[in-house]
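Novice: here are the coordinates; sequence isn't available:
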């Protein structure tokens, strides 16, 4: 009765687990799987007898599967979770993280029981984030406007595109990691404090005319906009600079003529 009760409790946990629970022999044949496995892979219970790990894995993952199986057979359990990519019935790839251990019968190793957690949604989110970062990076670097990312507290430049470097007539090595004060960029340093105060109040500033200095001390008129952004948990400033020097010179020449 105790054994039957134990088996019933195990079966209830096996079947009702939200995580995928499966049992397979040392040749990789799937012996049993709970409903979470079937839902994830799109199979029915009658399909279990035909499933093997080789049919679910891509060939490039075979060495990893052999390595994990060898570790379990040698030590009795998997020391750390391992990620696998599995092919579902309809050909989609799903991602799981597995943790497995030996199952004994009459004192002898009988099979391997594994628990797998579905990582597919997380992987898709990570991929979408990577793609968005790549898009942002391309836009950032290729923009004809000067773009620069800096810390708010001290104005230390974290990144800058080629248009911004050209505006300052400086190389990337000269700018990144240095502050605006060190580079003596601001024609009127007090203006930065005013812009930061406005950022704190409004969260952004738009189309403010400023003068900045290049490497040789020459000044350029810019139309400057900036917003607060959070990078790696830190509050930073994303600034956009449009060179309006020629326009201001043309306006000055027109005023002199008329």
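Specialist: Structure received. Because the structure is a prediction, the values reported are computed rather than measured.
Novice: Going along the chain, name the strands of the stretch 151-258 of the chain.
Specialist: Counting by DSSP state E, counting those that start in this stretch, the stretch 151-258 of the chain has strands at residues 157-160, 204-213, 219-231, 234-243.
Novice: which other residues reach the helix ranked longest in the chain?
Specialist: Secondary structure of the chain per DSSP state H: the longest helix is helix 120-142. For helix 120-142, the external contacting residues (C-beta atoms under 8 Å, 6 or more residues apart in numbering) are 94, 95, 96, 147, 159, 161, 162. No exception for glycine: its C-beta is placed from N, CA and C like everyone else's.
Novice: one more time with 10 Å, if that's ok
Specialist: Helix 120-142 has contacts (C-beta atoms under 10 Å, 6 or more residues apart in numbering) with 40, 83, 85-86, 88, 92-97, 119, 147-149, 159-164, 238.
Novice: Now do that helix: distance to the chain's middle.
Specialist: 7 Å (C-alpha atoms, centre = their mean, to the nearest Å).
Novice: can you give me the helices in the protein?
Specialist: 2-16, 35-41, 53-56, 62-75, 120-142, 162-168, 172-175, 180-183, 190-202, 245-257.
Novice: Which secondary structure elements does the fourth one sit against?
Specialist: So that's helix 62-75. Here helix 62-75 touches helix 53-56, strand 82-87, strand 93-105, strand 108-118, going by 3 or more C-beta pairs under 10 Å, 6 or more residues apart in numbering; DSSP states H and E.
Novice: ditto for the third one
Specialist: Packed against helix 53-56, as judged by 3+ C-beta pairs under 10 Å, 6+ apart, are the following elements: strand 30-33, helix 62-75, strand 82-87.
Novice: Would you mind listing the buried residues in it?
Specialist: Buried residues in helix 53-56, counting neighbours by 16 or more other C-beta atoms under 10 Å, are found at 53, 56.
Novice: Tell me who's in contact with the closest residue to residue 144 other than its chain neighbours.
Specialist: Excluding its sequence neighbours, the residue lying closest to residue 144 (C-beta to C-beta, 6 or more residues apart in numbering) is residue 163, at 5.8 Å. By C-beta under 10 Å, 6+ apart, the contact set of residue 163 is 140-148, 240-243.
Novice: Show me which of those is closest to residue 199.
Specialist: The closest of the contacts of residue 163 to residue 199 turns out to be residue 240 (C-beta to C-beta; 13.3 Å).
Novice: Give me the nearest residue to the closest one, chain neighbours excluded.
Specialist: Nearest residue to residue 240, sequence neighbours excluded (C-beta to C-beta, 6+ apart): residue 225, at 4.7 Å.
Novice: For that neighbour, list the residues it contacts.
Specialist: Going by C-beta under 10 Å, 6+ apart, residue 225 touches 145, 204, 205, 206, 207, 208, 238, 239, 240, 241, 242.
Novice: now those in a markdown table, with neighbour count, pLDDT and distance to residue 180?
Specialist: Formatted as a markdown table, the contacts of residue 225 follow (neighbours: other C-beta atoms under 10 Å; pLDDT from 0 to 100; distance: C-beta to C-beta, whole Å):
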| residue | neighbour count | pLDDT | distance to residue 180 |
| --- | --- | --- | --- |
| 145 | 17 | 91 | 18 |
| 204 | 12 | 86 | 19 |
| 205 | 19 | 88 | 15 |
| 206 | 12 | 90 | 19 |
| 207 | 10 | 90 | 20 |
| 208 | 14 | 87 | 15 |
| 238 | 18 | 92 | 14 |
| 239 | 23 | 92 | 10 |
| 240 | 19 | 93 | 15 |
| 241 | 22 | 92 | 12 |
| 242 | 16 | 92 | 18 |
